[in-house]
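1. sharing a model prediction with you, sequence too.
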Amino acid sequence: MQSQSNTSSLQSLVDDWSAEKQAFQVPWGKLMMWIFLLSDTFIFSIFLTAYMNVRISATAPWPNTSEVFALTIGGIHLPLILIAIMTFVLISSSGTMALAVNYAYKNNKKLAVKLMLATAFLGAMFVSMQAFEWSKLISEGVRPWSNPLGAEQFGACFFMITGFHGVHVSAGVIYLCIVAAKILAGHYDGRSLHIVEITGLYWHFVDLVWVFIFALFYLW
Amino acid sequence: MGIQTVDESHEVSSLAKYFKVWILLFVLSAFSYMVDLFQLQGYLRWTLVLMFMMLKAAFILSVFMHLGLERFALKTLVLLPPGAILVLILFMAVEGQYTTQSREFNFSQLWQQEILDFKDHHSPSE
Amino acid sequence: MAIVDAGTAIADQPAHMHEPTGWFTQYVWSQDHKVIAIQYGITAIFVGLVALVLSGLMRLQLGFPETFHFIDPNAYLQFVTMHGMIMVIYLLTALLLGGFGNYLIPLMLGARDMVFPYMNMLSFWTYLLSVLILLASFFVTGGPTGAGWTLYPPQAILDGTPGADMGIILMLMSLAVFIVAFTMGGLNYITTILQARTHGMSLMRMPLAIWGIFVATALGLLAFPALLVSAIMMTLDKLLGSSFFMPAIVSLGEKLDYAGGSPVLFQHLFWFFGHPEVYIVALPAFGMVSEVLSVHARKNIFGYRMMVWAIVAIGLLSFVVWAHHMYVSGMSPVFGYFFATTTLIIAVPTAIKVYNWVLTLWRGNIHLTVPMLFAIGFIFTFTHGGLTGLFLGNVVIDLPLSDTYFVVGHFHMVMGVSPIMVLFAAIYHWFPLISGKKLHDGMGKWHFWITFLGTYAIYLPMHYLGFLGVPRRYYAMGDTGFTDTSVQSLNAGITVSALIVGVAQLIFIFNLIYTVRNGKKCERNPWHAASLEWQPAVYPPPHGNWGDKLPIVYRWAYDYSVPDVQQDYIPQNVPQDAINELSKPRGKSL
Ligand code: HEM
Ligand SMILES: [Cu+2]
């Protein structure tokens, strides 16, 4: 059996791995989600690594992201402003998600569902802003295959990486709605609401990826 | 059988902590935005951008995703494998430099002149 | 407070939860890991036969050029590509993990099923979809892609390469779908191994087969992303005209609309997947062969712990050796030092495993059954393939040998024939469990000897061809004149052997069908194996595997030739008291 040793000591690591039956004291679904996210981490990291390599070796100059993603609002020229707002929206959604998990464990189903739907709403907002950003760039002539502003890989990387991330956010929105609906329908009555935490793991991961995209694509 | 125990630590972590981290994330994001707004450049920019990035990632992982509350075994499971990616990143950075260098070299006038000279001196005998 | 999580805890529930409700749910939409394993197995063997026929066609062309007019250079390249890709991904990966992984994991660990049976079922159907997409490419205009199984751009997507219009797109799509299927299965395998073992089954009591499958699956989950990403990027290059991998190119006298991309990047990403892929195929084979050797030599596996750590070490190291496939690619020349070194280091744990297999046989009570013959055959082929790998891992030796038949000989020995040998060993070994019947022995022996000797007749000469400078992926040597005339006669000889080996596989297929239809029920646990999968009361085990009570494990899986016990082995689920009763008074404690 697993010992009661300090949960963060090296001894606990050895104890866990040498235990019978199970190595991790978490539900199956949660462990599976973690491992899936690990695999997904590799996908996104390799996207970003490929972007780095292509950017370093591109022959044409890379456009200045600060300027490309600038907006003029009310006569003030603000660099990267839309991206900043998107970042804030996504972080907010992570906050509401964290609260949802918390209330789910306190067995406050109603509040948990409300917070999940709020999370989904913020996610949908993020995707729509991304759509706006895409259309802005497209209207400026940036395409995956060409770019009037400089290196053509800029457009290709931009659409590919933000597109793949956007697909993850959209999938997350759907996932959240499904889980919320199932909770409301009483599907998990009498059982633990682990599912909220598992959904939350996915959602926070999407936010986490955005942290890296924001730093490495927009701020480089 | 069929019973799985979870430690309760997740439930007790207080709401206040989430709000603190939430605000902290906003602040860190604002900082990294300011790096761009003030157009810091060079090593300073890179250090700051990467530092804020890592800090944000660490907070999301450890507090929002509860990794900080998990047992050591799960922490290692999540944090160690991406090490493989670091190797790839390192090599791809070096490879990118090398590709650029060889492009600069091969596309330069100098090299083309050398080819021409070479052809002049070694023209195939008819 | 304990939380009951009934929604996910299926693998741990009493058997009745697994009862299928009708023929359809039992055999088609089945969520039972054993049925899914057989579905995976049959599909994989079917595409494997397609790949085998393709190799026969290639050999016909190489052995007797200008005889078979329906094989033109384009067709040859398409055969090479489809043969390689099918063999590596759709046969070996699918059969070893989807097939044997599925079958063995719950049984060897004492679980009732995988932890997420529904997802496990989806995994198979998604895999089937990927196979169908792949096979569809034979029927589209332009045919399947002929870019080589490595799919290197720029040529993979440029006109002039066969299948550059539809074939390559279907190939990339099929790979992406395969990766989705693998991920669904793989998450199941890993979670089951980590979380759903029975009482007493600690990780260090797991049979090596499970260790191999476990580490291979982990590698798959972390390596396939690289293939997925490069497939997506290449699809964009092809369909949208982006330039990730495409530099400025003049093709057929025309400047194309590409600029600034990096073809070497693709090679790095491909091999960041590709080298772990070699071990995805090898590690389950390593594990399974250890079981077979130990059972049929009636000896515990030599150095169990060392074997486990070797598997883990190989798994870790396999992520830092990828560029040994790229010595001639034009990558940064400084990489050679690093990757040659790591490649030679990874040979150490690999060699340890070979020594341990041999030492397991040493003074064992070797029964030369058919599975054992194949297992011993594996030790030979793997050692030979591994030794040539040491040559190729060194930059200076690889430079002249790269892209010659030496390489073809090397990788067929090490990752073609060797895992196939283990697969045969495994099928002969576990067939009584799967079907309740033993495969016919005489046919099995013929099958083994023809396959084993034929393998050497095919691949040994290929190494020599490589030294003579015969290049890989060539349709015909033609009048190039830089190779000796003996090349042609060698090639003809290889072709004859290959055809014989190919036809010999029909013995095996016939044996399977014959045994299923006419074979007699065999005794329970015919090989007297100690590991858990042989302990259920009926063969094949029913849904839920274990009846009312899960087994309890008291020991490792390798207690063979134990002195003074009644039979010479102790099954994993027999407690110490029971042995004391069975054995004579002077029985020493274990
Ligand atoms: C009787 C069995 C087999 C025969 C006769 C055979 C024959 C061949 C031939 C003639 C080639 C083409 C060489 C060239 O022109 O470059 C080839 C390539 C290849 N084979 Fe096999 N093979 C067999 C089994 C296997 C197996 C079991 C595997 C599993 C790993 C495999 C993997 C490959 C790969 C990866 C290639 C390279 C494809 C490429 O160059 O793109 N083969 N094989
Ligand atoms: Cu390799």
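-> Looks like it came in fine. Ligands and ions are numbered 1, 2, ... in the order given.
2. please make it C-alpha for all contacts and neighbour counts, starting now.
-> Will do.
3. just confirm residue C:573 is within a helix.
-> No. Counting by DSSP: H, G, I helix; E, B strand; the rest coil, residue C:573 is not part of a helix but coil.
4. which non-adjacent residue is nearest the most centrally placed residue in chain B?
-> Compute the mean C-alpha point of chain B, and by CA atoms, centre = their mean the closest residue is residue B:50, 7.7 Å away. Closest residue to residue B:50 apart from its sequence neighbours, by CA to CA, 6 or more residues apart in numbering or on different chains: residue A:215 at 7.1 Å.
5. again, but for residue C:67
-> The spatially closest residue to residue C:67, leaving aside those adjacent along the chain, is residue C:61, at 7.4 Å (CA to CA, 6+ apart).
6. buried residues in the host helix or strand of the one you found, which are they?
-> Using DSSP states H and E, residue C:61 sits within helix C:33-63. Across helix C:33-63, burial judged by 16 or more other CA atoms under 10 Å in any protein chain shown covers C:33-41, C:43-45, C:47-63.
7. domain ranges for chain B?
-> B:1-69, B:71-126 (automatic domain parsing).
8. would you map the strands across chain A?
-> A:71-73, A:76-78 (DSSP state E).
9. still on that earlier bit, contacts for the helix or strand hosting the residue nearest to the centre of chain B?
-> According to DSSP H and E, residue B:50 maps onto helix B:42-59. Under the contact criterion CA atoms under 8 Å, 6 or more residues apart in numbering or on different chains, helix B:42-59 has outside partners A:208, A:211-212, A:215, A:219-220, B:21, B:25, B:28-29, B:31-32, B:35.
10. kindly format the C-alpha coordinates of that helix as CSV.
-> Taking C-alpha atoms only, helix B:42-59 is exported to CSV below (Å, rounded to 0.1, in the frame of the first residue of the first chain):
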residue,chain,number,x,y,z
GLY,B,42,17.8,42.7,-27.2
TYR,B,43,18.7,40.5,-24.2
LEU,B,44,16.6,42.5,-21.8
ARG,B,45,13.5,41.9,-23.9
TRP,B,46,14.2,38.2,-24.2
THR,B,47,14.9,37.7,-20.5
LEU,B,48,11.7,39.5,-19.5
VAL,B,49,9.5,37.8,-22.0
LEU,B,50,10.7,34.4,-21.2
MET,B,51,10.6,35.1,-17.5
PHE,B,52,7.0,36.3,-17.5
MET,B,53,6.1,33.4,-19.7
MET,B,54,7.6,30.8,-17.4
LEU,B,55,6.1,32.4,-14.3
LYS,B,56,2.6,32.4,-15.9
ALA,B,57,3.0,28.8,-17.0
ALA,B,58,4.2,27.8,-13.5
PHE,B,59,1.2,29.5,-11.8
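11. near chain A, anything from whichever helix or strand comes after it?
-> Sequence order places helix B:72-79 as the next helix or strand after helix B:42-59, per DSSP H and E. Yes. Shown here: helix B:72-79 in contact with chain A (CA under 8 Å from any CA of the partner chain) through B:72, B:73, B:74, B:78.
12. lowest-pLDDT helix or strand in chain C?
-> Using mean pLDDT, DSSP states H and E, the weakest-scoring helix or strand in chain C turns out to be strand C:2-4, at a mean of 35.
13. which of the buried residues of helix C:33-63 come close to ligand 1?
-> Applying CA under 6 Å from any ligand atom to these, one finds that C:55, C:56, C:58, C:59 fall near ligand 1.
14. list the contacts of the residue nearest to residue B:50.
-> Taking CA under 8 Å, 6+ apart as the test, what residue A:215 contacts is B:32, B:49, B:50, B:53.
15. so what's the third one scoring on pLDDT?
-> Confidence at residue B:50, expressed as pLDDT, is 94.
16. over to the one 4 residues further on?
-> The model reports residue B:54 with a pLDDT of 95.
17. how about residue B:32: what's its closest non-neighbour residue?
-> residue B:49 (5.9 Å).
18. er, residue C:58 actually
-> The shortest distance from residue C:58 to any non-neighbouring residue, by CA to CA, 6+ apart, is to residue C:76 (6.4 Å).
19. what strand or helix carries the one you found?
-> With DSSP H and E as criterion, residue C:76 is part of helix C:73-85.
20. would you map the helices across the stretch 301-450 of chain C?
-> With DSSP state H, counting those that start in this stretch, the ranges of helices along the stretch 301-450 of chain C come out as C:304-317, C:335-361, C:370-392, C:395-401, C:405-411, C:418-435, C:441-467.
21. quick one: mean pLDDT over stretch A:133-150.
-> Stretch A:133-150 shows a mean pLDDT of 91.
22. buried ones in it, by neighbour count?
-> Buried, per 16+ other CA under 10 Å, within stretch A:133-150: A:134, A:137, A:142, A:143, A:144, A:145, A:146, A:147, A:149, A:150.
23. wait, the third one sits on residue A:155?
-> Yes. The pair formed by residue A:142 and residue A:155 meets the contact definition of CA atoms under 8 Å, at 5.8 Å.
24. and the residue of chain B closest to ligand 1?
-> Closest residue of chain B to ligand 1, CA to the nearest ligand atom: residue B:88 (23.7 Å).
25. and that residue, how far is that from residue B:79?
-> Distance of residue B:88 to residue B:79, given as CA to CA, to the nearest Å: 16 Å.
26. who has more neighbours, those two?
-> residue B:88 (21 against 11; other CA atoms under 10 Å in any protein chain shown).
27. that one and chain A, how far apart?
-> Going from residue B:88 to chain A by CA to the nearest CA, to the nearest Å gives 8 Å.
28. read off the pLDDT value for residue C:480.
-> Note on residue C:480: pLDDT of 69.
29. one step back: now distance to residue C:351 too, for the buried residues of stretch A:133-150, in JSON lines please.
-> Below are the buried residues of stretch A:133-150 laid out as JSON lines (distance: CA to CA, whole Å):
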{"residue": "A:134", "distance to residue C:351": "54"}
{"residue": "A:137", "distance to residue C:351": "56"}
{"residue": "A:142", "distance to residue C:351": "54"}
{"residue": "A:143", "distance to residue C:351": "52"}
{"residue": "A:144", "distance to residue C:351": "48"}
{"residue": "A:145", "distance to residue C:351": "49"}
{"residue": "A:146", "distance to residue C:351": "51"}
{"residue": "A:147", "distance to residue C:351": "53"}
{"residue": "A:149", "distance to residue C:351": "55"}
{"residue": "A:150", "distance to residue C:351": "52"}
